[in-house]
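> my questions are about this predicted structure, shown below with the sequence.
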Amino acid sequence: KAGVTQTPRYLIKTRGQQVTLSCSPISGHRSVSWYQQTPGQGLQFLFEYFSETQRNKGNFPGRFSGRQFSNSRSEMNVSTLELGDSALYLCASSTGQGSGELFFGEGSRLTVL
Amino acid sequence: GENVEQHPSTLSVQEGDSAVIKCTYSDSASNYFPWYKQELGKRPQLIIDIRSNVGEKKDQRIAVTLNKTAKHFSLHITETQPEDSAVYFCAASPSSGNTPLVFGKGTRLSVIA
């Protein structure tokens, strides 16, 4: 069974640009959650998508958005990048039914110059 | 919303000693408490979890205890080994419904051989 796949793994952008990150969940999982990981701040929740609908949203500005496709693959977009957006962006898939194990991808490491 | 505090932020122990990481949570509705381990450069992975209907759970050298009255839970690792060196994250969430996990900021454990 294939794990969670995130692309790209590394990317460098400059301030003001936008970026799109992709996440393919484990087959059969309908929930995809996105987390931002920075040193000292741990894993901060961005949003969760379930069956193509945003089900939960964290406290991030509107520059951070996402979507989910009918095959459960998800993308997140960050517009007008700021230096502080440099982070590891992790997606996690799960069945989405109640609480249960999150299966994380290896992350997309974004550097904003 | 839920807030999870985790201590200490860093912990160094000698190989063979025990390590304890503590977390507190704020939302009395939370009743699912997982722990994730993230080795350097790798994805977070679930190592153990506990639900509020039990006070303690063990899996070989790791155990988790939960005190719902005091709203705190702890991870205990006995007979530590160098491969236990990693960042450990606690998290909390209501197990009913579909509320996302809220993570603590992590504890960097170093096991010194």
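Yep, it's here.
> what parts of chain B come near chain A?
Neighbours of chain A within chain B, by C-beta under 8 Å from any C-beta of the partner chain: B:6, B:9, B:32, B:34, B:36, B:42-46, B:49, B:89, B:93-106. To be clear about C-beta, it is placed using only N, CA and C from the backbone, and glycine gets the same treatment.
> rerun at 6 Å
Within chain B, the positions adjacent to chain A are B:32, B:43-44, B:46, B:93, B:95, B:100, B:103, B:105-106 by C-beta under 6 Å from any C-beta of the partner chain.
> by neighbours, which of those residues wins?
For the residues of chain B next to chain A, neighbours were counted using other C-beta atoms under 10 Å in any protein chain shown, and B:Pro44 has the most, 28 neighbours in all.
> helix or strand: which one has B:Leu109?
Taking DSSP states H and E as the criterion, the element that holds B:Leu109 is strand B:107-112.
> same question for that strand: list its buried residues.
Buried residues in strand B:107-112, counting neighbours by 16 or more other C-beta atoms under 10 Å in any protein chain shown, are found at B:107-109, B:111.
> which ones are touching whichever residue of chain B sits closest to chain A?
Distances between chain B and chain A by C-beta to the nearest C-beta are smallest at B:Lys105, namely 3.7 Å. Shown in contact with B:Lys105 (C-beta atoms under 6 Å, 6 or more residues apart in numbering or on different chains): A:42, B:6.
> need the three-state assignment for it.
Local secondary structure at B:Lys105 is given as coil here, using DSSP: H, G, I helix; E, B strand; the rest coil.
> quick check: it vs B:Glu15, distance?
Distance of B:Lys105 to B:Glu15, given as C-beta to C-beta, to the nearest Å: 26 Å.
> how about A:Ser99?
Separation of A:Ser99 from B:Glu15 (C-beta to C-beta) stands at 34 Å.
> so between those two, which is more surrounded?
A:Ser99 (24 against 13).
> chain B: strands as residue ranges?
Counting by DSSP state E, one finds strands in chain B at the ranges B:4-7, B:10-14, B:19-25, B:32-38, B:45-51, B:56-59, B:62-67, B:72-77, B:86-92, B:102-103, B:107-112.
> buried residues in the second one?
Neighbour-count burial for strand B:10-14 flags B:11, B:13 (criterion: 16+ other C-beta under 10 Å).
> identify all contacting residues around it.
Counting by C-beta under 6 Å, 6+ apart, B:19, B:80, B:107-112 sit against strand B:10-14.
> run the chain-centre distance for that strand.
Going by C-alpha atoms, centre = their mean, to the nearest Å, the spacing between the C-alpha centre of strand B:10-14 and its chain's C-alpha centre is 15 Å.
> for that strand, C-alpha coordinates in CSV please.
Listed in CSV are the C-alpha atoms of strand B:10-14, where the atom choice follows Å, rounded to 0.1, in the frame of the first residue of the first chain:
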residue,chain,number,x,y,z
THR,B,10,14.6,19.5,24.9
LEU,B,11,15.6,16.4,27.0
SER,B,12,18.9,14.6,27.2
VAL,B,13,19.2,11.3,28.9
GLN,B,14,21.9,8.6,29.1
